[in-house]
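Colleague: sequence and predicted structure, then a few things I'm wondering about:
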Amino acid sequence: MLRRFLGLDRGQPDPRLPSGDTAAPLPDSAAETATARRIVARLEALPPEEARYLACFAYVMSRAANADFDISDDETRLMERFAVEQGGLDEAQAVLVVEMAKLQARTQGGTEDFVVTREFRAISTPEQRRALVRCCFAVEAVDGSISAEEASVVNEIARELDLERDEVNRIRDEFHDQLSAVQALRRAGGRATP
């Protein structure tokens, strides 16, 4: 469904069907509950532009969260909160969107990271791009520390969003105390981290 929101699967055969099979596409899940179907129906009822924006937003946050190859429960909860705050979703919709985005980020990655981030750039305002980078830093900082690898992923995201270096630096400064390099310097100098 996330790829459908992004418009990345247009004309693609259903991957769940054997190659060359002309049978009707399989239902999304035989085990879907009525609740899940209602949530999906509400998401599918969103205007396509809004759905694409939300899908990209959640995917890019998941990409940042997955920088250390692990998306924690705390990171997930924060991404869900941002999906509610930034995307206007209700909690159930936010959970579904974030879970789909996490799955895609974990399984697709690579080229998909660039494609989805550039799609977000194309459909967002500069303020929305800055807000996304801020959310990415916040998600990475939820455990109290942003590693060099995690910061590098957000820097890459910011470049793909065409944000200016000084814009990114101002946002990063909001998370200065959570940067692992700063924490290490403070420990080495005998100063405790706040």
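Modeller: Happy to help now that I have it.

Colleague: check which residues of stretch 124-136 are buried.
Modeller: Across stretch 124-136, burial judged by 16 or more other C-beta atoms under 10 Å covers Ser124, Arg129, Arg130, Ala131, Leu132, Val133, Arg134, Cys135, Cys136. In short, each C-beta sits where N, CA and C put it, glycine included.

Colleague: point out where this structure drops to low pLDDT.
Modeller: 1-33, 35-36, 39, 191-194 (pLDDT under 70).

Colleague: what about 80?
Modeller: Counting by pLDDT under 80, the ranges of the chain that qualify are 1-42, 190-194.

Colleague: all the helices of it, in order from the start?
Modeller: In the chain, the helices defined using DSSP state H lie at 2-6, 34-44, 48-65, 73-87, 91-107, 111-123, 126-141, 148-160, 165-173, 180-188.

Colleague: which of those helices is buried the deepest?
Modeller: Neighbour counts (mean count of other C-beta atoms under 10 Å) averaged over each of the helices of the chain peak at helix 48-65, with a mean of 24.

Colleague: ok so, going back, mind putting the buried residues of stretch 124-136 in TSV, distance to Arg52 included?
Modeller: Shown next, in TSV, are the buried residues of stretch 124-136 (distance: C-beta to C-beta, whole Å):
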residue	distance to Arg52
Ser124	10
Arg129	15
Arg130	19
Ala131	17
Leu132	14
Val133	19
Arg134	21
Cys135	17
Cys136	19
